[in-house]
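K.L.:
Need the 3D shape of this:
(one chain, ligands or ions: 2)
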Amino acid sequence: MVLEPCWHKQSRTLRVLIVNGRNQTFNLPVWWNQALRPLGTGEGANSIVSTVENNSRALFGSRTLATIRQIEQFRYTRTMSSSDSYAVTSAAASILRRGGLVALPTETVYGLGANAFDARAVAKIFAAKERPFFDPLIVHLAESSWWPRVVLEFPPRAEQLAKTFWPGPLTMVLPKTPMIPDIVTSGLPHVAIRVPDHPLARDVLRLADVPIAAPSANLFGRLSPTTAEHVRQQLGDRVDFIVDGGPCRVGIESTIVQFEGDTVICLRPGGITLEEIESVVGPVRRPVPSFSDERSPAAPGMLASHYAPRTRLRIVDDIPRIPPSPRMGLLILQPCLGSEHYAQTEILSQAGDLIQAASTFFNALHRLDGANLDLILAVPLPDIGLGISMNDRLRRAAHEH
Ligand code: TXA
Ligand code: MG
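P.N.:
Numbering: from 1, shown residues only. Ligands and ions are numbered 1, 2, ... in the order given. Next up is the predicted model:
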């Protein structure tokens, strides 16, 4: 737990943010303002610590006081800008710089971030997610111009793609610099990088001023989180801080590509469609639909069982008009005959729009998974555009685990 006091100049109030995953903010009594107003950085920070210590018993109770005493390093956040988001992003950035774990919203799904240059911090990601070390992480940058900090070269194809799709849900696998520790890439000489298109994520990246390694903020193999609540449910206390940026706009993970000479190879379909990529760089080698072995994946991220709800999921082309069991759920693109007979039906888009469907896809799966069902039936989506990405997730969710 970290304590971040923020002096709000305009309203002349002091806010203390208790950074403990619940992100509680306390507005302190007026006399605290009087005591703390003259403070700046440096010495000021120390007097905040002692004032907080002297007074926190009354304010927060003795348990918190004990934790406050354990704070190794205390940082006084400078004047807040006009909105509260600065308090949140600067708290997140300072935790990241100190080697902590922060869950961040991106336009695709929430990520579980750590300083990509800090191997110890990155190791905490694997522990929190219970993720095997053979599955490498995506490194997030604030700007395309950060690429020399993480990769050795940026070929013309990558440049074309970055110009068109960054910031956005496209990840490119490129030769890494020695600055990126092996734990990030599972020992591979290449690192996956992207610039996320979410203002809070980019603010945190800019303030932290280090690239952030972040897989999706879920337990390994489970459903990706598209709200802060999903992160809380799966990771809870394992993360130092959750930045709540509301539901993710795209709702499905980034498309991952790598390069072999002039050929662009898609490793994972995702938020940018293959058609969109092909309109920029010509034909893309499609992902191989076969699954690799759990213990030694041929290509990282190609595990058979992934993105899986706890409830069993089966893919069906036609749904039985009358469900064979009363505790059966249904995931479909558009309303269809008989869907009302299921215990819970999730319709992804009334109008059959694949972009809208992707934005609610994981949320719908989370709801079905929480509905105490025996089985979820899912009808595949049209195999075009984002439908390809969602079908990929469905196949892995349906694979026995
Ligand atoms: O949209 C996204 O990509 C989200 C947000 C948080 O950015 N991240 C995400 O990360 O989906 P993750 O770890 O859940 O999935 C990343 C995939 C993994 O399956 C991993 O195997 C693959 O990317 N990957 C990472 N580094 C790689 C590399 N060097 N070579 C090949 N594949 C890599
Ligand atoms: Mg993931």
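
K.L.:
check contacts around Arg206.
P.N.:
Each residue near Arg206 by CB atoms under 8 Å, 6 or more residues apart in numbering is listed here: Ala142. Where you see a C-beta, it was placed from the backbone N, CA and C, and this is true even at glycine.

K.L.:
how about the one helix or strand it maps to, does it get close to ligand 1?
P.N.:
Assigned by DSSP states H and E, Arg206 belongs to helix 199-208. No: if you take CB under 6 Å from any ligand atom as the test, helix 199-208 misses ligand 1, and the best it gets is 8.6 Å.

K.L.:
Check stretch 97-109 too.
P.N.:
Yes: Stretch 97-109 reaches ligand 1 (CB under 6 Å from any ligand atom) through 106, 108-109.

K.L.:
who does the nearest residue to Val379 once chain neighbours are set aside bridge with?
P.N.:
Leaving aside its chain neighbours, Val379 sits nearest to Ile332 (4.9 Å; criterion: CB to CB, 6 or more residues apart in numbering). Per DSSP bridges, the residues bridged to Ile332 are Ile347.

K.L.:
burial measure for Ile332, as a count.
P.N.:
Neighbourhood size, Ile332 [other CB atoms under 10 Å]: 21.

K.L.:
Could you do the one 10 residues further on as well?
P.N.:
Neighbour count of Tyr342, defined by other CB under 10 Å: 24.

K.L.:
before we move on, what SS does the residue nearest to it when sequence neighbours are not counted have?
P.N.:
Spatial nearest neighbour of Tyr342, excluding adjacent residues (CB to CB, 6+ apart): Leu330 at 4.3 Å. Secondary structure, DSSP: H, G, I helix; E, B strand; the rest coil: Leu330 is strand.

K.L.:
For the stretch 301-401 of the chain, which residues score under the pLDDT cut-off?
P.N.:
For the stretch 301-401 of the chain, the stretches flagged by pLDDT under 70 are 301-305, 400-401.

K.L.:
re the thing from before, centre of the chain to the helix holding Arg206, how far?
P.N.:
13 Å (CA atoms, centre = their mean, to the nearest Å).

K.L.:
Okay, buried residues for that helix please.
P.N.:
The neighbour-count check on helix 199-208 (16 or more other CB atoms under 10 Å) flags 200-205, 207-208 as buried.

K.L.:
hey, C-alpha coordinates of that helix in CSV?
P.N.:
Below are the C-alpha coordinates for helix 199-208, written out as CSV (Å, rounded to 0.1, in the frame of the first residue of the first chain):
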residue,chain,number,x,y,z
PRO,A,199,-5.2,8.6,-22.7
LEU,A,200,-4.7,7.3,-19.2
ALA,A,201,-2.3,4.5,-20.3
ARG,A,202,-0.3,7.0,-22.3
ASP,A,203,-0.2,9.6,-19.4
VAL,A,204,1.1,6.9,-17.1
LEU,A,205,3.7,5.9,-19.6
ARG,A,206,4.8,9.5,-20.1
LEU,A,207,5.0,10.2,-16.4
ALA,A,208,6.8,6.9,-15.6
